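S.K.: Structure for this input, please:
(one chain, ligands or ions: 1)
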Amino acid sequence: MDVLISGASVAGPALAYWLNRHGIRATIVERAEKIRPGGLAVDFRGTAMRVLDQMGILDELRAHATHSGDARVVDADGNQIAIMPGEIFAGELEVLKTDLTRILYDLTKNDTEYVFGDSIATLTQDADGVRVGFERGATRTFDLVIGADGLHSRVRALAFGPKERFTQHMGYAFASFSTDNYLSLDRMGMSHVSGDRSLNVFASKENTELRVLFMFPAQDVPRNREAQEEAIRTAYENVGWEAQSLLARMPAATDFYFDELSQITMPSWSTGRVTLVGDAGYCASPMSGRGTSQALLGAYVLAGELSTQDSHEKALAEYEHALRDYVAAAHELGRQARDSFTIPVSQELFDAFAAADMGEHSPDEVALKNYAARVH
Ligand SMILES: Cc1cc2nc3c(=O)[nH]c(=O)nc-3n(C[C@H](O)[C@H](O)[C@H](O)COP(=O)(O)OP(=O)(O)OC[C@H]3O[C@@H](n4cnc5c(N)ncnc54)[C@H](O)[C@@H]3O)c2cc1C
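M.R.: Numbers count the residues shown, from 1 in each chain. The predicted model follows:
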């Protein structure tokens with residue numbers, strides 16, 4: 001089977017890894033010229049931890065754990081109001097996104113054909129295959145095309161229709177960047193909420209840096225950095241605590257990241273020989289804290305089904321059947337987190353969030369088939 005994956009972040013390389021273990025070689029096309037650095041921390045919970053273990057990268061990831069610790073929630077003058085337990089935002093294991101994508105790339109680069117600096121431009125499918133035109137490379141034909149190209153997926157747009165049809169904008173934007181640890185935080189975070197805008201900082205990279213995260217109401221999300229920074233400055237112009245110092249540091253950041261908070265809900269994740277995995281098919285938004293776990297579980301199940309079913313139709317149907325409920329629960333968590341923005345901050349609120357994440361009934365515990373038993 002000849003498989004093309006679009007996107008080399010989390011879902012794409014994880015899928016290539018599992019396909020490879022089942023004896024299927026994949027090609028990955030990534031728009032960026034190399035694996036993209038940047039992004040804040042991403043975390044793993046429940047079944048996703050066991051998938052990482054089976055991939056043989058759990059120990060390496062643990063060595064890169066952020067050890068964020070808890071976060072002190074402060075008022076506009078810096079007085080502590082509550083403590084936000086680390087497990088709310090850091091799950092069972094938290095690493096910088098840039099470390100995760102590098103580790104996944106290293107894991108797969110020898111057995112996967114990586115094509116950087118290109119993108120799918122056209123898709124035409126018939127009963128025998130999918131003919132793919134690229135922006136730069138020559139046209140090729142694949143048995144299956146898989147969009148792992150994130151919230152703004154090109155594969156989804158080409159095969160299923162415009163993004164607007166499947167997007168629920170949550171009414172917020174988020175932005176992140178790193179700066180030096182001028183607050184001298186030691187393995188901990190700080191958070192300030194002003195109305196419906198929040199500002200969070202976390203010590204990272206052995207306390208040498210601060211990861212800064214803004215989350216604020218926005219309907220239209222500007223696409224160029226200058227306009228994005230202006231939108232943040234406007235949203236935080238009257239916000240106290242460290243907001244003004246952090247805004248002043250923002251233009252110098254080399255890892256600035258900005259996006260809308262949206263969810264993707266699709267009536268079906270597949271159409272013919274084209275399917276979606278991770279944020280491309282079912283983004284639950286960073287508010288859910290489940291984006292990376294979803295991408296990993298999606299990759300594991302999709303590869304497993306493709307290697308064990310006798311047709312791609314059955315495999316794609318089974319992939320969706322196995323994960324629909326899990327994805328719906330992650331979306332619900334994302335919406336709950338968004339709605340909690342309007343609830344006044346208190347210790348009781350954070351303790352309730354922490355308790356909700358625990359136990360065997362946690363939405364992060366998913367019963368999955370053991371495809372690894374069939375590994376070649
Ligand atoms: C740079 C970056 C920073 C992020 N930072 C955070 C963060 O701080 N906090 C958080 O919660 N989530 C963040 N996310 C989202 C988070 O990584 C995802 O929710 C999760 O990891 C699911 O991963 P994914 O592989 O499905 O999608 P993504 O991680 O979004 O990856 C999609 C990949 O597809 C590539 N791509 C896009 N369009 C095309 C195209 N036309 N052709 C080829 N390739 C294409 C992108 O360059 C990217 O490498 C970030 C995503 C990116 C890309």
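
S.K.: Now stretch 223-241 - C-alpha only, CSV.
M.R.: Taking C-alpha atoms only, stretch 223-241 is exported to CSV below (Å, rounded to 0.1, in the frame of the first residue of the first chain):
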residue,chain,number,x,y,z
ARG,A,223,-3.0,36.1,9.6
ASN,A,224,0.2,38.3,9.8
ARG,A,225,2.3,38.7,12.9
GLU,A,226,2.2,42.4,13.1
ALA,A,227,-1.6,42.4,13.1
GLN,A,228,-1.6,39.5,15.6
GLU,A,229,0.6,41.4,18.0
GLU,A,230,-1.6,44.4,17.7
ALA,A,231,-4.7,42.4,18.5
ILE,A,232,-2.9,41.1,21.7
ARG,A,233,-1.8,44.6,22.7
THR,A,234,-5.3,45.9,22.3
ALA,A,235,-6.8,43.0,24.3
TYR,A,236,-4.4,43.5,27.2
GLU,A,237,-3.9,47.2,27.2
ASN,A,238,-5.6,47.7,30.6
VAL,A,239,-4.5,44.4,32.2
GLY,A,240,-2.4,44.5,35.3
TRP,A,241,0.2,42.2,36.9
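
S.K.: Name the nearest residue to the closest residue to the ligand within the stretch 51-200 of the chain, sequence neighbours excluded.
M.R.: Of all residues in the stretch 51-200 of the chain, the one sitting closest to the ligand is Gly150 (2.8 Å; Cβ to the nearest ligand atom). In this view, the C-beta of every residue, glycine as well, is placed from N, C-alpha and C. Excluding the flanking residues, the one nearest Gly150 by Cβ to Cβ, 6 or more residues apart in numbering is Asp279, at 4.6 Å.

S.K.: what about that neighbour, how many residues close to it?
M.R.: By other Cβ atoms under 10 Å, the residues close to Asp279 number 30.

S.K.: Contact partners for it?
M.R.: Neighbouring residues of Asp279 by Cβ atoms under 8 Å, 6 or more residues apart in numbering: 11, 150-151, 153, 264, 291, 294-295.

S.K.: With Thr122 instead?
M.R.: So Thr122 contacts 131-133, 158 (Cβ under 8 Å, 6+ apart).

S.K.: contacting residues for the closest residue to Ile81 other than its chain neighbours?
M.R.: Once flanking residues are discounted, Ile81 sits nearest to Val73: 5.0 Å by Cβ to Cβ, 6+ apart. Applying Cβ under 8 Å, 6+ apart to Val73 gives the contacts 80-84, 190-193, 345, 350.

S.K.: Of these, keep whichever come out buried.
M.R.: Buried residues within the contacts of Val73, counting neighbours by 16 or more other Cβ atoms under 10 Å: 82-84, 190-193, 345, 350.

S.K.: In CSV, list those residues along with distance to the ligand, secondary structure and pLDDT.
M.R.: Formatted as CSV, the entries for those read as follows, by distance: Cβ to the nearest ligand atom, whole Å; DSSP: H, G, I helix; E, B strand; the rest coil; pLDDT from 0 to 100:
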residue, distance to the ligand, secondary structure, pLDDT
Ala82, 22, strand, 89
Ile83, 22, strand, 90
Met84, 16, strand, 85
Met190, 17, strand, 95
Ser191, 15, strand, 92
His192, 18, strand, 94
Val193, 18, strand, 91
Val345, 21, coil, 73
Phe350, 19, helix, 75
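
S.K.: where does Leu15 land in three-state SS?
M.R.: When classified by DSSP: H, G, I helix; E, B strand; the rest coil, Leu15 comes out as helix.

S.K.: I'd like the average pLDDT over the longest strand along the chain.
M.R.: Assignment by DSSP state E gives strand 167-180 as the longest strand of the chain. Regarding strand 167-180, the rounded mean pLDDT is 93.

S.K.: where along this structure do the helices fall?
M.R.: Counting by DSSP state H, the chain has helices at residues 11-21, 47-54, 58-63, 86-90, 97-108, 154-159, 225-235, 243-249, 279-282, 291-308, 312-339, 347-356.

S.K.: Can you pull out the residues in contact with the first one?
M.R.: Going back to what we said before, that points to helix 11-21. Under the contact criterion Cβ under 8 Å, 6+ apart, helix 11-21 has outside partners 3, 5-6, 25-26, 28, 30, 55, 101, 104-105, 107-108, 111-112, 146, 148-149, 277-280, 295-296, 298-300, 302-304, 306-307, 371-372, 375-376.

S.K.: One more: the second one?
M.R.: The contact list for helix 47-54, computed with Cβ under 8 Å, 6+ apart, reads 44, 58, 61, 92-93, 292-293, 296-297, 300, 364-366, 368, 372.

S.K.: Could you tell me which residues within that helix count as buried?
M.R.: Residues of helix 47-54 classed as buried: 47-52 (neighbour count, 16+ other Cβ under 10 Å).

S.K.: Pop out the phi and psi values for the residue of the stretch 51-200 of the chain closest to the ligand.
M.R.: phi 80, psi -170 (degrees, to the nearest 10).
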